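J.: Show me how the following folds:
(2 chains)
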Number of protein chains: 2
Amino acid sequence: MEIHTYEKEFFDLLKRISHYSEAVALMHWDSRTGAPKNGSEDRAESIGQLSTDIFNIQTSDRMKELIDVLYERFDDLSEDTKKAVELAKKEYEENKKIPEAEYKEYVILCSKAETAWEEAKGKSDFSLFSPYLEQLIEFNKRFITYWGYQEHPYDALLDLFEPGVTVKVLDQLFAELKEAIIPLVKQVTASGNKPDTSFITKAFPKEKQKELSLYFLQELGYDFDGGRLDETVHPFATTLNRGDVRVTTRYDEKDFRTAIFGTIHECGHAIYEQNIDEALSGTNLSDGASMGIHESQSLFYENFIGRNKHFWTPYYKKIQEASPVQFKDISLDDFVRAINESKPSFIRVEADELTYPLHIIIRYEIEKAIFSNEVSVEDLPSLWNQKYQDYLGITPQTDAEGILQDVHWAGGDFGYFPSYALGYMYAAQLKQKMLEDLPEFDALLERGEFHPIKQWLTEKVHIHGKRKKPLDIIKDATGEELNVRYLIDYLSNKYSNLYLL
Amino acid sequence: MEIHTYEKEFFDLLKRISHYSEAVALMHWDSRTGAPKNGSEDRAESIGQLSTDIFNIQTSDRMKELIDVLYERFDDLSEDTKKAVELAKKEYEENKKIPEAEYKEYVILCSKAETAWEEAKGKSDFSLFSPYLEQLIEFNKRFITYWGYQEHPYDALLDLFEPGVTVKVLDQLFAELKEAIIPLVKQVTASGNKPDTSFITKAFPKEKQKELSLYFLQELGYDFDGGRLDETVHPFATTLNRGDVRVTTRYDEKDFRTAIFGTIHECGHAIYEQNIDEALSGTNLSDGASMGIHESQSLFYENFIGRNKHFWTPYYKKIQEASPVQFKDISLDDFVRAINESKPSFIRVEADELTYPLHIIIRYEIEKAIFSNEVSVEDLPSLWNQKYQDYLGITPQTDAEGILQDVHWAGGDFGYFPSYALGYMYAAQLKQKMLEDLPEFDALLERGEFHPIKQWLTEKVHIHGKRKKPLDIIKDATGEELNVRYLIDYLSNKYSNLYLL
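T.: Got it, this is the predicted structure:
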């Protein structure tokens, strides 16, 4: 048979996976935006059925045959087909190396572990969750042996979320970052120039927050012909298909930041997905390059645009109009200082820009210790609390505000956390390079002109989808390997100015 | 292998179909309640993929083997398994008798025909749609030969929507109905006692219509733990799974009846689905018995409850509170007479209770003529207009208000229309029987106590799902074959009182 026939059959399988993925993404989106509770059990089974169908196609004998045939004629393939086949092969091997029965057992364990985690967190009692954590770790240690690794066992898990990133790379980046930020956090904590944030938790009407969320999405370039905004408990962005990328947010009348900055954060994710090359649509390349690159886009919009003083120059009056009493005596500067307040806290998702990387480094070091067999599950809570004291100067008083705060481990997502901090480093390095091409960056914000910024990010990042690996995207875009110096400089300048250090 | 093993495998296949059906139903619901338009093409393909998966399971060799094995041991099966196997066999044969290539061609033709119909309706030009109608009819004539029939070719299409109902049954029912209603319509049209309906199209705030829609759903017994209400262009009710039955409505600030009676109509459909026996969940029996039985429930709620004077006794003040200016000089009697106004009109979906059956009879007689080869497509518009003149005394001036008004033929749904009128007959006969068990029916409405009514309908109709055929449900519930006399008496009494004939 002609090579094109195999290619067509290969892409038809990927297209079929994309249709099932659309159905699964819609069912997840629907479950988190108001689906009636009585239908949740059947819904979980329907999601399970379609996820199994995707898994079966990815690990089917026919997929293997097509990958092998296309590999034999690799040089005759287009660049995109090469990348798609490489990715399919990686997914096939990743999945196939785990015995099916063991994988099914693991999926069931994760589901039980999440329920146990919810109860443990609710009662702030790690002992209710630790037996499941024990088993989850054992499973992952076995998976690591199936997948194999070169330098460090933890690399096998890191690669799932950030292809090509290893312990060796992260040890060096995080050491440098830790060394710079811990003293800076201490200075900020000791500083006498703390902003007044009392106005932040005053009443801000939900309807007004919704209007502003829709307004900022529109202004920043989110395409409502290809998306919609809905309300949820844990905000997220999701892609159903190339023309349907949705965002969600949460409204807290006692803290407008949750909706405003949460929406701008998800807007960054969504603009990324809305601007992946349409030619990749329906293939396994029509996706973000990695969790870290995805987080770089959401953090770019949330922090480098959304928390930037110049962004609020044209828009602060809209905030004042939306909640007049709350903001009438608050100047633009007061507002900007308050939304950029930094102080050590226990909860990762509520952390500010400056302390956030330390929350990630703590999790990275603990996971590395787990998969280096240097710590037992039993000792994890004390190790967690010790690191919070060492890096942030505060000790969690309960498991709920300590080791039980994130769902990740319960869902088996070991190796995910570092992507959040990598996203930050990628964003800072991209921003620095963008300034060379768009020196008028601040002026653009002041004029509410975001198209040039979006255009630059689309050209350097979005358009590639999964064509490129994360570190290659950064290198090609900035002309340099990943360098944490840009994030350190950004944080040092910003917080020295804010706190007059 | 043990019979139970085959049974389990058979029900696992049905369960898998129910999961795919949930995904398809959710994708349709989402597309009609605000999905972004850019995603519609991919969405149509995803729906196409999952619908094909359902079709492939229903017509798979394995399904045939399981049906055959279970038929060999038919007497050992439980009653429900017997019914499920019979239904699966019917579906298998119905689908299998149509060559796959021909079915795919037909599905593509329907999709094109719907687009052509929309354009033809928009330009009110039947000639833009007739070439597609010609082909659709040819396909269905061939399908009829594949499916076979005993008495009349049209029976094969009627059976798709109303198992067991034939031309012979309908000719007699519709003749009797026509004979009684046409003179009644003439009397009402000539009557000098027409209600004042001028207040109906005054402004009624959308938010208030929404509040009332939610309120009536709650009052009538719709379970919001297992459902939700959303806005759409063409209202519908849909079942995603047994615990997730959704309703939609449309708000017209210039005509509150659209939302109020539309919502109560869909509420009837939803209460039916929410009360099918849970033991049938995940099987092909967990569905309405037929389109007609389903319509009987929606019409029961809309007309026998929603347009009943006694229903408004406790609730009319809520309408007055919601739009004070509009209703301040309108008495309860004026209100009830206006919402029950009857007058000949061109558009089926806007027709009142009295004239509605005539719209259906016109379509039934035309479809019967088509499949008896008694009329060419070319002659359909004039035949349509002639019948409107004969039965309703009015002649459509354009194709848009005439033969092009319904989407059904463009979607290939020949044989569907009679179910609407059958639903009416079923509802009237059920109502008459209910009065024997619940003589205090009107008092229940006056007290806003709908549970006994819902309980009665659940026992006699809802619980059975597809266990019983439509005519058997009516016979078992009322002790009598389907008898159009009850609908005739109901309409005669009601409109004689309203118009003082």
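J.: shaky segments in the stretch 201-350 of chain A?
T.: Within the stretch 201-350 of chain A, no range satisfies pLDDT under 70.
J.: Show me where it has its strands.
T.: For the stretch 201-350 of chain A, the strands defined by DSSP state E, counting those that start in this stretch occupy A:229-231, A:237-241, A:244-249.
J.: In the shortest one, which residues are buried?
T.: Spelled out, it's strand A:229-231. Within strand A:229-231, the residues that qualify as buried are A:L229, A:E231, counting by 16 or more other C-beta atoms under 10 Å in any protein chain shown. Every residue, glycine included, has its C-beta placed from N, CA and C.
J.: swap in the longest one?
T.: When burial is assessed from 16+ other C-beta under 10 Å, strand A:244-249 yields the following buried residues: A:D244, A:V245, A:R246, A:V247, A:T248, A:T249.
J.: what does chain A have sitting close to chain B?
T.: Applying C-beta under 8 Å from any C-beta of the partner chain, we find that chain A lies next to chain B at A:15-16, A:18-20, A:22-23, A:26-27, A:30, A:34-43, A:45-46, A:49-50, A:223-228, A:240-244, A:246, A:281-282.
J.: So which of those residues belong to helices?
T.: A:15-16, A:18-20, A:22-23, A:26-27, A:30, A:40-43, A:45-46, A:49-50 (DSSP state H).
J.: which of the residues you listed are buried?
T.: A:15-16, A:18-20, A:22-23, A:26-27, A:30, A:42-43, A:45-46, A:49-50.
J.: Out of those, which two are the most distant from each other?
T.: A:K15 and A:D42 (27.0 Å; C-beta to C-beta).
J.: which residues touch the residue nearest in space to the middle of chain A?
T.: By C-alpha atoms, centre = their mean, chain A has its centre lying nearest to A:E295, at 4.2 Å. By C-beta atoms under 8 Å, 6 or more residues apart in numbering or on different chains, A:E295 lies in contact with A:S419, A:Y420, A:L422, A:G423, A:Y424, A:Y426, A:A427.
J.: Export those to CSV and append columns for neighbour count and secondary structure.
T.: CSV is the format used below for the contacts of A:E295 (neighbours: other C-beta atoms under 10 Å in any protein chain shown; DSSP: H, G, I helix; E, B strand; the rest coil):
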residue, neighbour count, secondary structure
A:S419, 24, helix
A:Y420, 23, helix
A:L422, 31, helix
A:G423, 25, helix
A:Y424, 26, helix
A:Y426, 31, helix
A:A427, 27, helix
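J.: Make JSON lines out of those residues and add pLDDT.
T.: JSON lines is the format used below for those (pLDDT from 0 to 100):
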{"residue": "A:S419", "pLDDT": "96"}
{"residue": "A:Y420", "pLDDT": "95"}
{"residue": "A:L422", "pLDDT": "97"}
{"residue": "A:G423", "pLDDT": "97"}
{"residue": "A:Y424", "pLDDT": "97"}
{"residue": "A:Y426", "pLDDT": "98"}
{"residue": "A:A427", "pLDDT": "98"}
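J.: which residue sits closest to the residue nearest to the centre of chain A, ignoring its sequence neighbours?
T.: A:G423 (2.7 Å; C-beta to C-beta, 6 or more residues apart in numbering or on different chains).
J.: Let me see the contact set for that neighbour.
T.: For A:G423, counting by C-beta under 8 Å, 6+ apart, the contacting residues are A:M291, A:G292, A:I293, A:H294, A:E295, A:S296, A:Q297, A:S298, A:L299.
J.: Neighbour-wise, which one of these leads?
T.: Counting neighbours by other C-beta atoms under 10 Å in any protein chain shown, A:S296 leads the contacts of A:G423 with 32 neighbours.
J.: separation between the residue nearest to the centre of chain A and chain B?
T.: 24 Å (C-beta to the nearest C-beta, to the nearest Å).
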